[in-house]
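**Student:** here are the coordinates; sequence isn't available:
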């Protein structure tokens with residue numbers, strides 16, 4: 001069976017659906033080809049099932065890429081306010097959690113239902129369980145599946161990255177790009193928990209479940225949020241954020257007590273200077289198990305002013321060198337991807353293959369934690385959809 005459309009969109013995630021909606025609104029006959037049995041699987045599991053769908057404070061500085069300027073055009077033309085207007089049109093209740101992060105009050109299913117309703121209104125045709133076997137370019141693009149053949153002058157690749165393979169992530173988008181001769185920045189897990197080596201794990205991994213606010217720093221970037229000890233290493237928002245900028249074997253510096261002075265009480269020489277007094281002081285600032293462990297590892301060998309000052313310094317600059325990451329299975333996104341030099345920043349269209357577009361996570365633009373990657377999906381999808 002052969003089908004003809006004005007545009008074919010490969011991938012029914014956030015970027016692909018937004019692109020389909022915008023193109024459909026302009027009267028284009030659009031088909032979305034999705035290999036899974038339902039749309040938006042990543043949308044449904046995001047934000048603990050509540051979908052952190054955008055961030056009020058979104059700006060180009062919240063993204064990283066080999067070209068830090070590439071995302072500016074799309075982000076400026078489809079803003080958080082634009083998506084919020086869509087959410088409010090469907091009367092979806094939402095709230096700001098922290099740092100501008102917007103979540104659904106009820107469920108991520110509300111966001112997916114919104115996108116499906118917009119697709120329906122725009123006349124978009126959806127094909128689920130559609131496994132693509134081959135993509136060719138003749139006069140038009142020809143997409144072969146196990147049951148049909150699709151033709152269109154425009155092909156949009158919105159197949160996502162390698163993160164979370166258990167819900168269907170594959171290398172399809174990168175493989176297709178290579179077939180057409182595109183340069184690709186090496187993909188890697190981002191926003192991902194870090195794994196400690198055996199020695200550090202023996203020191204800290206029994207603290208699994210302990211969480212505290214820290215400043216994590218690496219490569220001139222720093223994030224002040226919660227850190228969580230795990231059975232294999234470190235996680236929590238601060239660690240997920242810094243993981244995107246970390247490169248093995250660099251150390252990460254962690255300020256365990258940001259903005260406060262732990263040993264201030266010991267400046268007064270009339271106060272007792274001993275392990276018991278130090279333990280009591282540390283427990284005022286840190287979870288008790290972490291305070292005790294820090295004392296075990298950092299206790300001063302003497303009680304001089306110099307030794308106490310050195311302890312204060314170490315508490316604010318704990319250097320830890322992770323062995324690696326938890327990989328794509330636990331990574332929220334994939335960094336790297338289609339080199340932005342291959343694409344128009346305004347439309348997401350290829351410079352070398354007219355009619356071929358790449359949008360969303362498959363492109364070398366990655367957001368920080370907090371709704372930014374969804375905003376890139378909406379913005380890049382809208383940019384392409386308005387250009388079809």
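**Tutor:** Good, I have the coordinates. Small disclaimer: the values here were computed from a predicted structure and weren't measured.

**Student:** contacting residues for residue 166?
**Tutor:** By CB atoms under 8 Å, 6 or more residues apart in numbering, residue 166 lies in contact with residue 329. Just so you know, the C-beta spots here come from the backbone N, C-alpha and C atoms, and that holds for glycine as well.

**Student:** which residues in the stretch 251-388 of the chain form helices?
**Tutor:** 275-285, 288-298, 305-316, 372-385 (DSSP state H, counting those that start in this stretch).

**Student:** of all the ones you listed, which lies closest to residue 6?
**Tutor:** helix 372-385 (11.6 Å; CB to CB).

**Student:** as a whole number, average confidence for the closest one?
**Tutor:** Across helix 372-385, the average pLDDT comes to 98.

**Student:** got it, and stretch 84-101?
**Tutor:** For stretch 84-101, the mean confidence score works out to 97.

**Student:** Buried residues in it, which are they?
**Tutor:** 84, 86-87, 92, 94, 100-101 (16 or more other CB atoms under 10 Å).

**Student:** Can you give the distance of that stretch from its chain's centre?
**Tutor:** Relative to its chain's centre, stretch 84-101 lies at 19 Å (CA atoms, centre = their mean, to the nearest Å).

**Student:** Next up, the contacts around the most centrally placed residue in the chain.
**Tutor:** Closest residue to the average C-alpha location of the chain: residue 333 at 4.2 Å, with CA atoms, centre = their mean. Contact analysis of residue 333 by CB under 8 Å, 6+ apart lists 161, 163, 190-191, 361, 366-367, 373.

**Student:** Take those and keep only those in strands.
**Tutor:** 190, 366-367 (DSSP state E).

**Student:** I'd like these laid out as JSON lines, including pLDDT, neighbour count and distance to residue 37.
**Tutor:** Shown next, in JSON lines, are these (pLDDT from 0 to 100; neighbours: other CB atoms under 10 Å; distance: CB to CB, whole Å):
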{"residue": "190", "pLDDT": "98", "neighbour count": "28", "distance to residue 37": "27"}
{"residue": "366", "pLDDT": "98", "neighbour count": "25", "distance to residue 37": "28"}
{"residue": "367", "pLDDT": "98", "neighbour count": "26", "distance to residue 37": "28"}
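
**Student:** which one of these sits closest to residue 26?
**Tutor:** Looking across the ones in strands among the contacts of residue 333 and measuring by CB to CB, the closest to residue 26 is residue 367, at 26.7 Å.

**Student:** For the closest one, which non-adjacent residue is spatially closest?
**Tutor:** residue 373 (4.1 Å; CB to CB, 6 or more residues apart in numbering).

**Student:** can you check residue 114 too?
**Tutor:** residue 90 (4.8 Å).

**Student:** Please identify the helix or strand for residue 178.
**Tutor:** In this assignment (DSSP states H and E), residue 178 forms part of helix 172-179.

**Student:** and that helix, what does it pack onto?
**Tutor:** strand 7-10, strand 132-137, strand 154-157, strand 184-190, strand 333-338 (3 or more CB pairs under 8 Å, 6 or more residues apart in numbering; DSSP states H and E).

**Student:** rerun at 10 Å
**Tutor:** Here helix 172-179 touches strand 7-10, strand 132-137, strand 154-157, strand 184-190, strand 333-338, strand 356-358, going by 3 or more CB pairs under 10 Å, 6 or more residues apart in numbering; DSSP states H and E.

**Student:** For residue 34, find the nearest of the ones you listed.
**Tutor:** Minimum separation from residue 34 across the helices and strands packed on helix 172-179 (CB to CB) falls at strand 7-10, 8.4 Å.

**Student:** Please work out the average pLDDT along that closest one.
**Tutor:** 98.

**Student:** same question, stretch 297-312
**Tutor:** 90.

**Student:** now the end-to-end length of it.
**Tutor:** End-to-end distance of stretch 297-312 (CA to CA, to the nearest Å): 13 Å.

**Student:** Okay, buried residues for that stretch please.
**Tutor:** For stretch 297-312, by 16+ other CB under 10 Å, it's 300, 307-308, 310-312.

**Student:** contacting residues around it?
**Tutor:** 203-204, 256-257, 261-264, 266-267, 269, 272-275, 277-279, 282, 294-295, 314-315, 318 (CB atoms under 10 Å, 6 or more residues apart in numbering).

**Student:** to the chain's geometric centre, what's the distance from stretch 94-111?
**Tutor:** 16 Å.

**Student:** Which residue, neighbours along the chain excluded, lies closest to residue 182?
**Tutor:** residue 342 (5.0 Å).

**Student:** so that neighbour touches residue 363, yeah?
**Tutor:** Yes. Using CB atoms under 10 Å, residue 342 is in contact with residue 363, at 9.2 Å.

**Student:** Give me the common contacts of those two.
**Tutor:** Applying CB under 10 Å, 6+ apart, one finds that residue 342 and residue 363 are jointly contacted by residue 177.

**Student:** which of those two has more neighbours?
**Tutor:** Legend: neighbour count by other CB atoms under 10 Å for residue 342 and residue 363, higher for residue 363 (30 against 21).

**Student:** now the more buried one: how far from residue 74?
**Tutor:** Applying CB to CB, to the nearest Å, the value for residue 363 to residue 74 is 10 Å.
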